[in-house]
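>>> output the structure for:
(one chain, ligands or ions: 1)
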Amino acid sequence: MDENLDMTNTVNRSRDENIGDFDVGLYLHIPFCAKRCHFCAFYLVMQEERRIERFLRALAIELASYAKQLDSARQRISTVYLGGGTPTALSAVQLSQILTTVRSKFSLTGNCEVTVEATPESLTSAYLDALYAAGVTRLSMGIQTFDQTERTCLGLSSTTEEAKLGIRLLKQSGFTNFNLDVIYGIPGQTILSWDHTLEQACECEPSHLSCYALSVEEGTRFEHAFRRGELKPVETETERQFQVYANEQLAAGGYEHYEISNWAKPGRACRHNQRYWKGQDFLGLGPSAQSYMAGCRFGNVSNLEQYCGRLENGQSAVTEQEFLSISQQEKERVVFGFRMLDGVPKDWVASNARDPDWAALFTAFLEEKYVVQVSDRFALTAKGRQFADALGSQLL
Ligand code: SF4
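All right, here's what the predicted structure looks like:
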């Protein structure tokens with residue numbers, strides 16, 4: 001594999017500089033969907049058996065290549081996350097085969113978290129039983145809304161009834177650790193319908209809820225519709241009210257708000273996603289997947305045809321990489337760490353504060369009450385969380 005990234009060098013570099021960690025999160029991008037939702041900008045192609053089979057062969061090559069490198073660096077996998085796209089576009093046999101390959105080629109920690117993203121309409125009892133038998137410990141379902149008019153606006157494939165049936169089947173199959181994604185700020189959505197979606201979501205008793213503000217991404221159907229004036233964005237004040245409702249309802253339902261967009265029952269925070277916010281190492285495989293290992297950020301080609309072709313020809317699928325300086329790593333871990341409600345240790349702030357400009361900016365954020373010190377940690381305040389992206393880009 002002549003063009004492959006030499007991970008051993010980056011791992012050794014990290015050990016010398018005492019940044020990085022020895023457990024790794026493994027993300028696998030499964031780039032298939034039945035149709036594209038109107039708001040979605042993820043890299044994906046329409047599902048088709050011939051494409052899926054070729055992708056699986058290429059993924060097996062990529063898995064084998066990284067397994068050798070992680071093994072020689074004595075790194076273990078502590079979380080596995082199959083996202084997309086729609087991982088459940090694959091058959092249960094195909095998904096199980098991927099997980100068998102992961103288990104046979106990598107060294108996994110004993111309590112490895114294994115998450116699979118699913119669409120509700122793709123689930124059957126037999127399918128869920130097979131995932132359970134394959135060692136899946138957690139499911140994540142993109143419900144988005146329980147309101148049928150809003151589902152149609154988002155271009156979702158499934159109806160409200162199908163969404164509810166998918167959740168029922170999942171619970172009957174014995175999965176107690178599962179996430180539901182819901183979205184606020186959908187054109188035409190009211191506080192009442194958002195309240196209703198949150199209420200129904202809580203009634204399903206998920207262990208985890210992700211509440212995202214609708215973002216209008218370039219190249220999506222939504223972006224065209226907004227540009228042509230066919231859809232109107234939700235007012236900022238209404239969006240703020242959606243957030244307030246989520247905070248109140250989910251707190252009342254016993255969910256702990258642990259990250260800007262994420263709530264969990266005690267002990268059920270997503271360990272894989274926390275790696276991103278804590279600046280810990282993760283390896284992403286599959287087309288368009290991104291990785292961060294020992295201060296090196298690298299990404300695969302965002303094209304299924306090229307992804308398969310490169311791996312079939314003995315080449316790496318990585319087409320971009322960037323080594324971050326120690327100073328960049330230290331800034332990033334504060335900015336990403338600020339997404340967590342408990343913030344970051346004060347030592348992380350102190351190491352950046354050697355730069356007088358950065359220190360002055362941080363002091364201003366403290367004075368403006370965007371940031372607060374609680375004991376030996378710094379965290380964003382509720383006001384700071386509303387402007388997290390803007391504050392973060394200034395700190396980088
Ligand atoms: S199912 Fe998920 S990945 Fe597929 S188009 Fe819809 S939002 Fe995007």
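>>> mind listing the residues bridging to the nearest residue to residue 86 once chain neighbours are set aside?
Nearest residue to residue 86, sequence neighbours excluded (C-beta to C-beta, 6 or more residues apart in numbering): residue 33, at 4.9 Å. The way it works is simple: take the backbone N, C-alpha and C, and place the C-beta from them, glycine included. Taking DSSP bridges, one obtains residue 46 as the residues bridged to residue 33.
>>> contacts only, for residue 33.
Residue 33 makes contacts with 40, 44, 46-47, 84-86, 89, as judged by C-beta atoms under 8 Å, 6 or more residues apart in numbering.
>>> please redo it, this time with the cut-off set to 10 Å
Counting by C-beta atoms under 10 Å, 6 or more residues apart in numbering, residue 33 makes contact with 40, 42, 44-47, 84-86, 89, 119, 157.
>>> what separation do you get for it and the ligand?
Note on residue 33: its distance to the ligand, by C-beta to the nearest ligand atom, to the nearest Å, is 3 Å.
>>> try residue 242
According to C-beta to the nearest ligand atom, residue 242 and the ligand sit 19 Å apart.
>>> what about that residue, how many residues nearby?
Using other C-beta atoms under 10 Å, residue 242 has 23 neighbouring residues.
>>> local confidence estimate at residue 26?
Note on residue 26: pLDDT of 98.
>>> name the element it belongs to?
Here residue 26 sits within strand 23-30, counting by DSSP states H and E.
>>> ok, and of the contacts of residue 33, which contact the ligand?
Contacts with the ligand within the contacts of residue 33, counted by C-beta under 6 Å from any ligand atom: 40, 42, 44, 84-86, 119.
>>> redo those residues as TSV? Include secondary structure, pLDDT and neighbour count.
As requested, these are exported to TSV (DSSP: H, G, I helix; E, B strand; the rest coil; pLDDT from 0 to 100; neighbours: other C-beta atoms under 10 Å):
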residue	secondary structure	pLDDT	neighbour count
40	coil	95	18
42	coil	95	16
44	coil	95	22
84	strand	93	23
85	coil	94	24
86	coil	96	23
119	coil	95	23
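>>> out of those residues, which is nearest to residue 212?
Nearest to residue 212 out of the ones next to the ligand among the contacts of residue 33 is residue 40 (C-beta to C-beta; 12.0 Å).
>>> next one: the closest residue to that closest one other than its chain neighbours, what pLDDT does it get?
Leaving aside its sequence neighbours, residue 40 sits nearest to residue 220 (C-beta to C-beta, 6+ apart; 6.5 Å). Per-residue pLDDT puts residue 220 at 95.
>>> circling back: pick out the most distant pair among the ones next to the ligand among the contacts of residue 33.
Between any two of these, the greatest separation by C-beta to C-beta is 13.1 Å, found for 42 and 119.
>>> pull up the overlap in contacts between those two.
What both residue 42 and residue 119 touch, as defined by C-beta under 10 Å, 6+ apart, is the set 33, 84, 86.
>>> so residue 106 touches residue 114, yeah?
No: contact criterion C-beta atoms under 10 Å: residue 106 and residue 114 do not qualify, at 11.9 Å.
>>> the residue lying closest to residue 374 once chain neighbours are set aside - how many residues pack around it?
Of all residues not flanking residue 374 in the chain, residue 343 sits nearest, at 7.4 Å (C-beta to C-beta, 6+ apart). As a burial measure, residue 343 scores 21 neighbours (other C-beta under 10 Å).
>>> repeat that for residue 236.
Residue 236 has 10 neighbouring residues, counting by other C-beta under 10 Å.
>>> which residues are in contact with it?
Counted by C-beta under 10 Å, 6+ apart, residue 236 has contacts 185, 386.
>>> what does the one 4 residues further on give?
The neighbours of residue 240, taking C-beta under 10 Å, 6+ apart as the test, are residue 386.
>>> surely it forms part of a helix?
Yes: according to DSSP: H, G, I helix; E, B strand; the rest coil, residue 240 belongs to a helix.
>>> got a pLDDT number for it?
Listed pLDDT for residue 240 reads 88.
>>> where along the stretch 201-350 of the chain do the helices fall?
221-227, 236-252, 271-277, 304-312, 326-337, 346-352 (DSSP state H, counting those that start in this stretch).
>>> nearest to residue 188, of those?
Within the helices of the stretch 201-350 of the chain, the stretch nearest residue 188 is helix 236-252; the backing value is 11.3 Å (C-beta to C-beta).
>>> in the top helix by length along the chain, what counts as buried?
The longest helix of the chain (DSSP state H) is helix 49-72. For helix 49-72, burial by neighbour count (16 or more other C-beta atoms under 10 Å) applies to 51-52, 54-56, 58-59, 62-63, 65-67, 69-70.
>>> got the residues of the chain near the ligand?
So far as C-beta under 6 Å from any ligand atom goes, the chain lies against the ligand at 33, 36-37, 40, 42, 44, 84-86, 119, 142.
>>> give me the phi and psi angles of the residue in the stretch 201-350 of the chain that the ligand sits nearest to.
Closest approach between the stretch 201-350 of the chain and the ligand, counting by C-beta to the nearest ligand atom: residue 220, at 9.5 Å. Per-residue torsions, residue 220: phi -90, psi 170 (degrees, to the nearest 10).
>>> wait, doesn't it sit right on residue 231?
No: using C-beta under 10 Å, residue 220 is not in contact with residue 231; the gap is 11.2 Å.
>>> can you pull the residues that touch both of those two?
With C-beta under 10 Å, 6+ apart as the test, residue 220 and residue 231 both reach residue 38.
>>> tell me which residue is most central in this protein.
Nearest to the mean C-alpha position of the chain, counting by C-alpha atoms, centre = their mean, stands residue 273 at 5.6 Å.
>>> for it, list the residues it contacts.
Residue 273 makes contact with 25, 27, 79, 81, 115, 140, 179, 208, 210, 259, 261-262, 282, 339, according to C-beta under 10 Å, 6+ apart.
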